[in-house]
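Visitor: Got a sequence here, can you build the structure:
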Amino acid sequence: MTTTPARLTVLAGPTAVGKGTVSADVRARYPQVWLSVSATTRAPRPGEVDGVHYHFVSAEEFDRMVDDGELLEWAVVHGRNRYGTPRGPVQERLAAGVPTLLEIDLQGARQVRETMPDARFVFLAPPSFDELVRRLVGRGTEDAEERERRLATARVELAAESEFDHVVVNDDVTRATDELVRVMGVVPA
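Guide: Numbers count the residues shown, from 1 in each chain. Okay, the predicted model is just below:
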């Protein structure tokens, strides 16, 4: 019996739109979807677990991964930290026919589009810009300078919505998650 390779789904959107929250909901309610774990050079936020939320790596280790071609995509985000998607685990899951989701930033989504144009690209949008600002301020993980940097990045990211195959508005996490997995063609377990 041969397994038909699955189609990769890429989820991107502006900072604080809730990509991590929606992805966590996918992980919790749709175990048949494999969620890629990105590598990052940033420090863990409170409650984040290495290997679950991200692979937290040093700048030197990240450089090695880039040099060795181990990343499907990578980018400097908000002018500071680097994030990237380890290539091997993604290719293994797709080849095994497992629905695979990447939660990445706009730069990374553009790189994946270049290397995997058959992937499905989903933009997670906020209900409004004011709501995006409220969420960013409300999470309390960035100082005022970092918030301003992220909001400037968010304005640019919001303008890229038309580059995506589908738009899901994150007005309610459960609803947005369910819409995302429907777009992926996943049937509830």
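
Visitor: What distance do you get for the closest residue to residue 160 other than its chain neighbours to residue 136?
Guide: Sequence neighbours aside, residue 106 is the residue nearest to residue 160 in space, at 5.4 Å (criterion: CB to CB, 6 or more residues apart in numbering). No exception for glycine: its C-beta is placed from N, CA and C like everyone else's. If you measure residue 106 against residue 136 using CB to CB, to the nearest Å, the figure is 16 Å.

Visitor: which parts of the strand or helix carrying residue 113 are buried?
Guide: Element membership for residue 113, per DSSP states H and E: helix 106-115. Of the residues in helix 106-115, those scored as buried under the neighbour-count criterion (16 or more other CB atoms under 10 Å) are 106-113.

Visitor: Now residue 154. Nearest residue, chain neighbours left out?
Guide: When the adjacent residues along the chain are set aside, residue 154 lies closest to residue 14, with 3.8 Å between them (CB to CB, 6+ apart).

Visitor: got the phi/psi numbers for that neighbour?
Guide: The phi and psi torsions at residue 14 (degrees, to the nearest 10) take the values phi -70, psi 160.

Visitor: Name the single longest helix found in this structure.
Guide: Within the chain, and with DSSP state H defining each element, the longest helix by residue count is helix 144-158.

Visitor: Please enumerate residues in contact with it?
Guide: For helix 144-158, contacts defined as CB atoms under 8 Å, 6 or more residues apart in numbering pick out 12-17, 77-80, 105-106, 125, 129, 132-133, 136-137, 142.

Visitor: mind listing which of the residues you listed are in helices?
Guide: When DSSP H is applied, the contacts of helix 144-158 are split such that 106, 129, 132-133, 136-137 fall in helices.

Visitor: how about TSV for the buried residues of helix 106-115, with pLDDT added?
Guide: Putting those into TSV (pLDDT from 0 to 100) gives the following:
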residue	pLDDT
106	88
107	86
108	90
109	94
110	94
111	94
112	95
113	95
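
Visitor: Quick check: buried residues in the longest helix of the chain?
Guide: By 16+ other CB under 10 Å, the buried positions in helix 144-158 come out as 147, 149-151, 153-154, 157-158.
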